[in-house]
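Please find the sequence and the predicted model below.
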Amino acid sequence: MLLAVATTASATVKLQPLFTSNMVLQQQTGAPIWGEATPGKNVIVTTSWDNVTYQATADSNGKWLVKVYTPKAGGPYKITISDGKMVVLDNVMIGEVWICSGQSNMEMMMNDIKNAKEEIANATNHPNMRLLKVLRATSREPMTTFEAAGNGWQVSSPEWAKEFSAVAYFFGRELEKYRDVPVGLIETCWGGTDAKAWTSHDFIEQMPDFYHEANNLDSVFHAYKDLDDVYWNDWQRWFERVEPMETKQQSSMNGNILTWTAPEYDDTAWFDVSLPGLSEEPQLVNYDGIYWLRKQFDIPTRWRGKALKINLGMVDDHDQTFFNGKKIGHSVGVRTIRSYDVPASEVKSGKATIALRILDGGGATGVYGFKGHLSVSCGKDTLLLDGTWKGCTSATIDQLPKTPSGQISYVNISTLLYNAMLAPLIPYAMRGAIWYQGEENAPRAYQYRDLLPIMIRDWRDKWKTDFPFYIVQLANYMPRLDEPNESDWAELREAQAMTTRLENTAMSCTIDIGEADDIHPKNKQEVGRRLGLLARALTYGEKIEYSGPIYEGYRIEGNRIRLHFSHTTGGLKPSSGRQLKGFAIAGADHKFHWAYAYVDGNDIVVTDQKVPVPVAVRYGWANNPDCNVVNGEGLPMFPFRTDDWQGITYGKK
């Protein structure tokens with residue numbers, strides 16, 4: 001791979017990170033390969049699996065494209081690309097390629113899941129799984145270029161898997177295991193994002209709710225950016241406000257500069273911290289609050305008086321970063337890639353110190369990044385900052401004032417993520433897409449009934465194929481309520497289910513593996529497995545059960561309602577205990593009561609003495625429902641309702 005990267009750097013032909021050594025091309029198709037060269041140059045592409053040569057001429061903008069015809073799954077192979085100077089792509093596999101997109105539950109890394117150490121260590125056992133991680137970016141115009149972690153495709157390994165999407169990884173592992181083919185996974189996602197941001201202009205403007213935004217993108221962008229600037233400045237003031245609290249706890253001040261940021265400070269009494277990665281040090285495990293990290297390194301004489309760039313990967317959650325006692329940057333949000341500039345006037349040869357003041361608000365702690373992400377660079381000259389840092393805790397979360405309210409919002413403007421993180425991937429040959437998103441849209445669930453199908457049709461239009469699109473339904477989350485109630489998350493799940501009316505779409509249910517106190521449940525292995533069932537059955541034709549029971553219809557029988565279901569393989573039963581849970585029944589007054597339910601063949605009958613004349617039943621209709629029906633394969637029943645009464649998100653925009 002290093003040889004190929006070095007060759008690319010000196011060659012005329014320019015390739016996007018889609019086309020590197022270790023890549024996977026979709027099997028048995030005409031797979032596009034494209035790039036840039038000098039206008040008018042003849043570009044020759046040769047594939048080693050059949051020794052066929054393809055030719056293209058770079059157009060007036062330097063763009064060229066060829067379609068290479070791929071065999072059945074296999075490899076490794078080699079691809080050479082030349083316009084007079086040759087680029088060699090090694091270790092190329094032919095197999096199955098999937099786009100993996102959505103918000104934070106798709107973005108959630110292997111580092112953050114249950115059994116993380118074991119799963120990450122096992123990544124070395126899957127060399128035919130290849131990973132491509134698109135880095136976060138936004139754009140107001142469709143892009144043809146993008147940046148990727150490690151500059152391209154990576155072979156599955158502990159180093160690269162730990163920072164990759166866990167859902168995508170486990171989905172790919174299922175395909176590799178049961179299809180016995182190389183698998184290429186392209187992760188393109190961003191936590192906390194709205195589906196409209198993943199939709200192109202020509203499709204999102206079809207929705208009246210977004211027409212103005214889509215056609216006034218510049219003004220809307222600046223308005224949202226101004227709000228984010230206010231939020232960012234609130235964080236600046238918050239950090240200033242808590243400095244005296246930190247001083248009272250442990251640190252001391254030296255003018256306006258915290259002593260701990262100064263190069264001369266003696267940090268030998270601090271504990272060691274290994275970076276990058278999830279913090280495993282006893283002082284930081286389960287720690288919430290402000291803590292500090294310091295790293296000393298030597299600046300070469302040749303760097304003196306030259307500007308530097310400090311690269312810090314992803315800091316969990318918020319940071320202020322100092323170089324030799326002076327603040328050089330501040331970022332908010334765990335998934336933000338930190339990259340800060342040091343002015344030339346501040347760069348002296350000899351010892352230098354980087355200090356990070358970090359607020360962790362909950363969950364895991366650490367500085368995440370691939371090997372090489374933590375670095376200081378001067379032009380093309382780079383020193384790695386991986387390894388041992390020094391750490392010290394400062395003030396716990398219960399000693400600190402309330403943090404600023406708000407969110408990074410401008411990324412949720414229509415089209416911004418599509419333009420930067422999806423458009424550059426088109427028309428790369430792939431089999432299908434998996435999608436885990438919806439939390440951000442839950443307050444506007446009725447709107448999502450139109451938005452998600454439009455987004456799917458948009459992607460298919462751009463790829464010019466009705467590829468499979470598999471959805472993860474939102475898991476159970478938030479406190480469990482004692483009585484039946486309305487729920488925006490239930491309405492969002494319903495909107496997701498309605499989307500499966502589109503051809504070649506399906507959904508996996510996760511209503512049984514969420515966590516009441518964590519919007520990011522850690523059992524991503526099962527999420528990936530259930531998505532894998534969909535693909536194995538519906539895309540690849542395996543004769544397996546791939547879904548939990550799905551509501552099909554009902555019939556009123558006196559004081560009871562009989563419910564009919566599909567996907568009842570092995571019969572219907574409770575996953576725990578003897579009694580079916582999660583059913584509520586209502587009469588014409590629309591007031592729901594918990595109901596008694598029992599299995600009758602492949603039907604379920606629901607009744608309650610408080611509702612002598614029932615008209616509607618709901619199951620699992622809550623943010624975090626207590627429901628337990630599964631089929632014989634242990635796959636959970638999808639939440640549903642028999643009524644169509646107006647929900648609480650109706651009309652919300």
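Happy to help now that I have it.

Just the helices from the stretch 1-150 of the chain, written as ranges.
2-10, 104-107, 116-122 (DSSP state H, counting those that start in this stretch).

So what touches the second one?
By CB atoms under 8 Å, 6 or more residues apart in numbering, the list of residues contacting helix 104-107 from outside reads 100, 165, 167-168, 187, 189-192, 335, 434-437, 439, 472, 475, 519-521, 527. No exception for glycine: its C-beta is placed from N, CA and C like everyone else's.

Drop the exposed ones from those and show what's left.
100, 165, 167-168, 187, 189-192, 335, 434-437, 439, 472, 475, 520-521, 527 (16 or more other CB atoms under 10 Å).

Okay, and which of those residues map to helices?
If you go by DSSP state H, the buried ones among the contacts of helix 104-107 have 167-168, 527 in helices.

Output the residues you listed in JSON lines, with distance to L452 and pLDDT appended to each entry.
Output for these, formatted as JSON lines (distance: CB to CB, whole Å; pLDDT from 0 to 100):
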{"residue": "V167", "distance to L452": "18", "pLDDT": "98"}
{"residue": "A168", "distance to L452": "19", "pLDDT": "98"}
{"residue": "V527", "distance to L452": "18", "pLDDT": "98"}
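
which residues sit in contact with T642?
T642 touches 551, 554, 561, 563, 616-618, counting by CB under 8 Å, 6+ apart.

Can you tell me how far it is from V617?
Going from T642 to V617 by CB to CB, to the nearest Å gives 5 Å.

got any residues that touch both of these two?
Common contacts of T642 and V617 (CB under 8 Å, 6+ apart): 554, 561, 563.

which residues does the last one form a beta bridge with?
The reference is to L563. Judged by DSSP bridges, the bridge partners of L563 are Y554, I604.

from memory it sits against I550, does it?
No - at 11.0 Å, L563 does not count as touching I550 under the criterion of CB atoms under 8 Å.

the more surrounded of those two?
Between L563 and I550, L563 has the larger neighbour count (other CB atoms under 10 Å), namely 24 against 17.

D194 versus I519, what's the distance?
The gap separating I519 from D194 is 16 Å, by CB to CB.

Contacts only, for L385.
275, 295, 297, 312, 354, 374-376.

Tell me, what's the model's pLDDT at I648?
The model reports I648 with a pLDDT of 96.

Now it. Nearest residue, chain neighbours left out?
E486 (4.7 Å; CB to CB, 6 or more residues apart in numbering).

among the contacts of T642, who's most crowded?
Counting neighbours by other CB under 10 Å, V617 leads these with 30 neighbours.

That residue against G587, yeah?
No - V617 lies out of contact with G587 (CB under 8 Å); the separation is 11.2 Å.

Where in the protein is the helix or strand with the lowest mean pLDDT?
Scoring the helices and strands of the chain by mean pLDDT, DSSP states H and E places helix 2-10 at the bottom, with a mean of 38.

ok, back up a step: cross the contacts of L385 against strands and list the overlap.
275, 295, 297, 312, 354, 374-376 (DSSP state E).

hmm, back to that, considering the shared contacts of T642 and V617, which is situated nearest to A395?
Nearest to A395, judged by CB to CB, of these is L563 at 54.4 Å.

how near is K402 to G361?
Distance, K402 to G361, by CB to CB: 11 Å.

Sorry, wrong one. I was asking about S405.
According to CB to CB, S405 and G361 sit 12 Å apart.

Compare these two and say which is more crowded by neighbours.
The neighbour count for S405 versus G361, taken as other CB under 10 Å, is higher for G361 (13 against 7).

Can you name the residues that contact the more buried one?
Taking CB under 8 Å, 6+ apart as the criterion, G361 is in contact with 288, 317-318, 397, 403.

Show me which helix runs longest in the chain.
For the chain, the helix with the greatest residue count under DSSP H is helix 217-249.

Give me the helices and strands touching it, please.
On a contact count with 3 or more CB pairs under 8 Å, 6 or more residues apart in numbering; DSSP states H and E, helix 217-249 meets strand 326-331, strand 387-396.

In three-state terms, label the closest residue to G651 other than its chain neighbours for me.
Closest residue to G651 apart from its sequence neighbours, by CB to CB, 6+ apart: Y446 at 7.1 Å. When classified by DSSP: H, G, I helix; E, B strand; the rest coil, Y446 comes out as helix.

correct me, but Y446 touches D488?
No - the criterion here is CB under 8 Å, and Y446 misses it with D488 at 9.7 Å.

Which neighbours do the two have in common?
647, 649.

List the buried residues for the helix or strand where S339 lies?
Following DSSP states H and E, one finds S339 within strand 337-342. By 16+ other CB under 10 Å, the buried positions in strand 337-342 come out as 337-338, 340, 342.

Point out where this protein drops to low pLDDT.
1-11, 248-257, 335, 369-372, 406-408 (pLDDT under 70).

center of it, which residue is that?
For the chain, E107 is the residue whose C-alpha lies nearest the centre (CA atoms, centre = their mean; 2.0 Å).

Neighbours of R140, how many?
R140 has 15 nearby residues by other CB under 10 Å.

I519 against Y477, yeah?
Yes - counting by CB under 8 Å, a contact exists between I519 and Y477, whose distance comes to 5.5 Å.

and I648, which of the three is it?
coil.

What are the phi and psi values at it?
In terms of degrees, to the nearest 10, the main-chain angles of I648 are phi -80, psi -10.

Report the separation between it and L308.
From I648 to L308 the distance is 52 Å (CB to CB).

K380 now?
Computed as CB to CB, the K380 to L308 distance reads 13 Å.

quick one: which of the two has more around it?
Remark: of K380 and L308, L308 carries more neighbours, 22 against 6, as counted by other CB under 10 Å.

Verify the contact between the more buried one and Y340 for me.
No - shown here, L308 and Y340 do not form a contact pair, counting by CB under 8 Å, at 9.1 Å.

what is in contact with the two at once?
Residues touching both L308 and Y340 (CB under 8 Å, 6+ apart) are F323.

Now do the contacts for G532.
Contact analysis of G532 by CB under 8 Å, 6+ apart lists 170-171, 173-175, 178.

top of those by neighbour count?
Counting by other CB under 10 Å, top hit in the contacts of G532: F171 with 30 neighbours.

Setting the sequence-adjacent residues aside, check what's closest to that residue.
Spatial nearest neighbour of F171, excluding adjacent residues (CB to CB, 6+ apart): G528 at 4.2 Å.

Tell me how many other residues crowd the one you found.
25.

you'd agree it is up against S165?
No - using CB under 8 Å, G528 makes no contact with S165, being 9.3 Å away.

Given the lengthiest strand in the chain, what are its sheet partners and their directions?
Using DSSP E to define each element, the chain has its longest strand at strand 86-102. In the sheet, strand 86-102 lines up against strand 24-26 (parallel), strand 74-82 (antiparallel), strand 183-189 (parallel), strand 432-436 (parallel) (DSSP bridges).

how many other residues sit next to D202?
Neighbour count for D202, taken as other CB under 10 Å: 12.

Check which residues of the strand or helix carrying it are buried.
For D202, the host element (DSSP H and E) is helix 201-204. Judged by neighbour count (16+ other CB under 10 Å), helix 201-204 contains these buried residues: 201, 203-204.

Now do the phi/psi pair for V155.
phi -70, psi 140.

That one and M23 touch, don't they?
No - in this structure, V155 is not within contact of M23 by CB under 8 Å, at 10.5 Å.
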